[in-house]
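Participant: Curious how this folds, go ahead:
(4 chains)
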2 protein chains.
Amino acid sequence: MGSPIYLTIVENIKTKINSGEIKPGDMIKSENALCEEYDVSRMTVRKSLTVLASEGYIYSVPGKGNFVNEPNQDKYILYFNEMNSIEGSIEDTQLLDVNIVKPTLEIIFNLQIPENKRVVLIRRVFINEGNPVAYDIKYIPYYRGMPIVEKEIHYATFPEIVSKKKSLFAINKELKIKVQKPDGKLKGILGIEDTEPVMVIEQKLLDEGNKPIGWGITYFKGDFFQLQAVSSFVDKSNIIY
Amino acid sequence: MGSPIYLTIVENIKTKINSGEIKPGDMIKSENALCEEYDVSRMTVRKSLTVLASEGYIYSVPGKGNFVNEPNQDKYILYFNEMNSIEGSIEDTQLLDVNIVKPTLEIIFNLQIPENKRVVLIRRVFINEGNPVAYDIKYIPYYRGMPIVEKEIHYATFPEIVSKKKSLFAINKELKIKVQKPDGKLKGILGIEDTEPVMVIEQKLLDEGNKPIGWGITYFKGDFFQLQAVSSFVDKSNIIY
DNA sequence: TAGTGGTCTAGACCACTAG
DNA sequence: TAGTGGTCTAGACCACTAG
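Facilitator: Numbers count the residues shown, from 1 in each chain, chains lettered A, B, ... in the order given. Below you'll find the predicted structure:
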């Protein structure tokens, strides 16, 4: 009935921070002082402070106190998936080929593999309303006996391709986002002209030890591409119930 | 001395999830069962579960149990700031003008203001190694007596401009990221040709009630622009100590 | 030495779920 | 009705900080 005490404390302290009554760098009241102020036990106060810390409002320094954090102005949450991050989703994909190839210097660098190690090369074209909208290249280190099932590769995102065995929880990912003018090959594949810009998304997948387990580039036709991101200071996206 | 019990429990459950021993959708042991397994009090078990939930591994359904989450494959953390998100930072900015203007339909729509309301228009060019690399336009709803201090605007990021009074904690932000070919005006300002792509970043700032308090677009020369994002499933960036 | 936050206990009462 | 997670208490001992 009504919101719990610890959330009331959270809201009160948030209000003080949002209004500027207490500022970044300031120490807030000690846990014992808050216990007295709200007439609650210390565990309840600590629950409130845990919430405030997880939302980025405060941090604690053991032996000293709890302090108001600097707001993280520059941090956003971005949702990206090469199969549905464009205007109007991908309707179909065309699997150009799957090959086992010698790595180029660039691939050796990005996958951190020895130069005699082979890699699986997957090339796809994404189709929207009958027209090619993206050209997609993936490299995965090859090991003997690796099952490469074309049907599975066809419609899968990169993390899905790489994680056939490994849990997706264990994969770290890095994205690089840039623009370029199309070269001759891209112009042919995407059916575009010199003046049409191309959005380039580089994806790197890493295992728990940050060893690369996949590297890929997707070239999107510029007019079919838009990414969105939202400020993340209060990130409640993990809270389902 | 050594890590606390609750972190041991966290690591054990993480290992079970990462190895696939327990899968997304599965219910994990009840809190009381975990109390017995580790011979600890329920509050200690709950501390562990709170950590796992905040890192996205599990979620709880009151009355039923705790469940393994679906990994959020598509979620990334992006750091963006129009003053330092390019290759080689901005060395200087040129303030083209600050004016109070009638809003266009686009501005009315994006700032959600009445059409008779005036807006402050700020136009800047960002300079790197003596050359223009970005063209930056901001719109802020104008109110009578609003102090517009050119010195403050000159080198400030958008959140800084808008938040002179309001705490940065209270501002929500939205980014849109897209590409375009340069129009005549951009070609002149950035000194580029038709074939040079332009990265377009649209920023919208909103107050606590999600009312727009600022809207702006930055046009970056494509070859000076790259964004990076990292997977965020385990987001420890708020933990300072 | 007094005060701070970190960890942990052994209980309590509650609303909710599902047989 | 038995079991689950959510909130809360009133204590304890610890390492660390800073005068």
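Participant: Which secondary structure state does the residue in chain A that DNA strand D sits nearest to sit in?
Facilitator: Taking CB to the nearest atom of the strand as the measure, the point where chain A comes nearest DNA strand D is A:G63, at 2.8 Å. For every residue, glycine as well, the C-beta is placed using N, CA and C. State at A:G63, reduced to three classes by DSSP: H, G, I helix; E, B strand; the rest coil: coil.
Participant: ok, now A:N99?
Facilitator: Using three-state DSSP, the structure places A:N99 in strand.
Participant: Look up which helix or strand A:E160 falls in, please.
Facilitator: Using DSSP states H and E, A:E160 sits in helix A:158-162.
Participant: Need the residues that contact the next helix or strand after that helix.
Facilitator: Using DSSP H and E, the helix or strand that follows helix A:158-162 in sequence is strand A:172-180. Residues from elsewhere that reach strand A:172-180 (CB atoms under 8 Å, 6 or more residues apart in numbering or on different chains): A:78, A:80, A:159, A:197-208, A:210, A:222, A:227, B:76, B:177, B:179, B:197-199, B:222, B:225-231.
Participant: Check stretch A:66-74 too.
Facilitator: Here stretch A:66-74 makes contact (CB under 8 Å, 6+ apart) with A:17, A:22-28, A:30-31, A:49, A:53, A:56-61, A:233, B:79-81, B:157, B:159-160, B:167-169, B:237-238, B:240.
Participant: so how far is it from its chain's centroid?
Facilitator: The chain centroid and the centroid of stretch A:66-74 are separated by 22 Å under CA atoms, centre = their mean, to the nearest Å.
Participant: hmm, that stretch in reach of DNA strand D?
Facilitator: No: using CB under 7 Å from any atom of the strand, we find that stretch A:66-74 stays clear of DNA strand D, coming within 11.1 Å at best.
Participant: What's the end-to-end length of that stretch?
Facilitator: Separation of the first and last residues of stretch A:66-74 by CA to CA, to the nearest Å is 23 Å.
Participant: Sort out which residues of that stretch are buried, please.
Facilitator: Buried residues in stretch A:66-74, defined by neighbour count with 16 or more other CB atoms under 10 Å in any protein chain shown: A:N66, A:F67, A:V68, A:N69, A:P71, A:N72, A:Q73, A:D74.
Participant: quick one: average confidence on that stretch?
Facilitator: Per-residue pLDDT over stretch A:66-74 has a mean of 89.
Participant: ok, that stretch near DNA strand C or not?
Facilitator: Yes: against DNA strand C, stretch A:66-74 shows contacts by CB under 7 Å from any atom of the strand at A:N66.
Participant: how far does whichever helix or strand A:A33 is part of sit from the chain's center?
Facilitator: Element membership for A:A33, per DSSP H and E: helix A:31-38. Relative to the mean C-alpha coordinate of its chain, helix A:31-38 is positioned 39 Å out (CA atoms, centre = their mean).
Participant: do stretch A:191-202 as well
Facilitator: For stretch A:191-202, the distance to the chain centre is 23 Å (CA atoms, centre = their mean).
Participant: now it: mean pLDDT?
Facilitator: The average pLDDT for stretch A:191-202 rounds to 90.
Participant: Stretch A:220-233 too?
Facilitator: 83.
Participant: how much distance is there from that stretch to the middle of the chain?
Facilitator: Here stretch A:220-233 is found 12 Å from its chain centre; the criterion is CA atoms, centre = their mean.
Participant: quick one: that stretch near chain B?
Facilitator: Yes: using CB under 8 Å from any CB of the partner chain, stretch A:220-233 comes into contact with chain B via A:G222, A:F225, A:Q226, A:L227, A:Q228, A:A229, A:V230, A:S231, A:S232, A:F233.
Participant: and the second one, how many neighbours?
Facilitator: Right, A:F225. Neighbours of A:F225 under the rule other CB atoms under 10 Å in any protein chain shown: 23.
Participant: Would you confirm that it contacts A:E196?
Facilitator: No: contact criterion CB atoms under 8 Å: A:F225 and A:E196 do not qualify, at 11.3 Å.
Participant: May I have the beta-bridge partners of the residue nearest to A:Q94 when sequence neighbours are not counted?
Facilitator: Sequence neighbours aside, A:V125 is the residue nearest to A:Q94 in space, at 4.4 Å (criterion: CB to CB, 6 or more residues apart in numbering or on different chains). Beta-bridge partners recorded for A:V125 (DSSP bridges): A:Q94, A:Y135.
Participant: For the lowest-mean-pLDDT helix or strand in chain A, buried residues please.
Facilitator: Here the helix or strand of chain A ranked lowest by mean pLDDT, DSSP states H and E is helix A:150-154, holding a mean of 74. Using 16+ other CB under 10 Å as the test for burial, helix A:150-154 gives A:I153.
Participant: same check, this time on stretch A:3-23
Facilitator: So, applying 16+ other CB under 10 Å, buried residues of stretch A:3-23: A:I5, A:Y6, A:I9, A:V10, A:I13, A:K14, A:K16, A:I17, A:N18, A:I22.
Participant: What residue spans form the domains of chain A?
Facilitator: Split into domains by automatic domain parsing, chain A comes to A:5-68, A:77-230.
Participant: Mind putting the ones you listed into a markdown table with distance to B:G188?
Facilitator: Formatted as a markdown table, the domains of chain A follow (distance: least, CB to CB, whole Å):
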| stretch | distance to B:G188 |
| --- | --- |
| domain A:5-68 | 41 |
| domain A:77-230 | 17 |
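Participant: Least reliable of these by average pLDDT, please.
Facilitator: domain A:77-230 (a mean of 87).
Participant: can stretch A:203-217 be found next to chain B?
Facilitator: Yes: Stretch A:203-217 lies within reach of chain B by CB under 8 Å from any CB, at A:E208.
Participant: pull the CA atoms of that stretch into CSV?
Facilitator: Below are the C-alpha coordinates for stretch A:203-217, written out as CSV (Å, rounded to 0.1, in the frame of the first residue of the first chain):
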residue,chain,number,x,y,z
GLN,A,203,31.1,-4.8,-35.4
LYS,A,204,33.6,-6.6,-33.3
LEU,A,205,32.6,-9.5,-31.0
LEU,A,206,34.8,-10.5,-28.1
ASP,A,207,34.6,-13.4,-25.6
GLU,A,208,34.9,-13.1,-21.8
GLY,A,209,38.6,-12.6,-22.1
ASN,A,210,38.2,-9.9,-24.7
LYS,A,211,39.6,-12.2,-27.4
PRO,A,212,38.0,-11.3,-30.8
ILE,A,213,35.7,-14.0,-32.0
GLY,A,214,34.2,-12.1,-34.9
TRP,A,215,34.7,-9.0,-37.0
GLY,A,216,32.4,-7.5,-39.6
ILE,A,217,31.4,-4.5,-41.6
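Participant: What is the distance between it and the centre of its chain?
Facilitator: Between the centre of stretch A:203-217 and the centre of its host chain there is 13 Å, according to CA atoms, centre = their mean.
Participant: Tell me the buried residues in it?
Facilitator: Within stretch A:203-217, the residues scored as buried using 16+ other CB under 10 Å are A:Q203, A:K204, A:L205, A:L206, A:P212, A:I213, A:G214, A:W215, A:G216, A:I217.
Participant: Using ChimeraX, define a selection of the buried residues within the contacts of strand A:172-180.
Facilitator: To isolate in ChimeraX the members of these that are buried, counting by 16+ other CB under 10 Å, one can use:
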select /A:78,80,159,197,198,199,200,201,202,203,204,205,206,222,227 /B:76,177,179,197,198,199,222,225,226,227,228,229,230,231
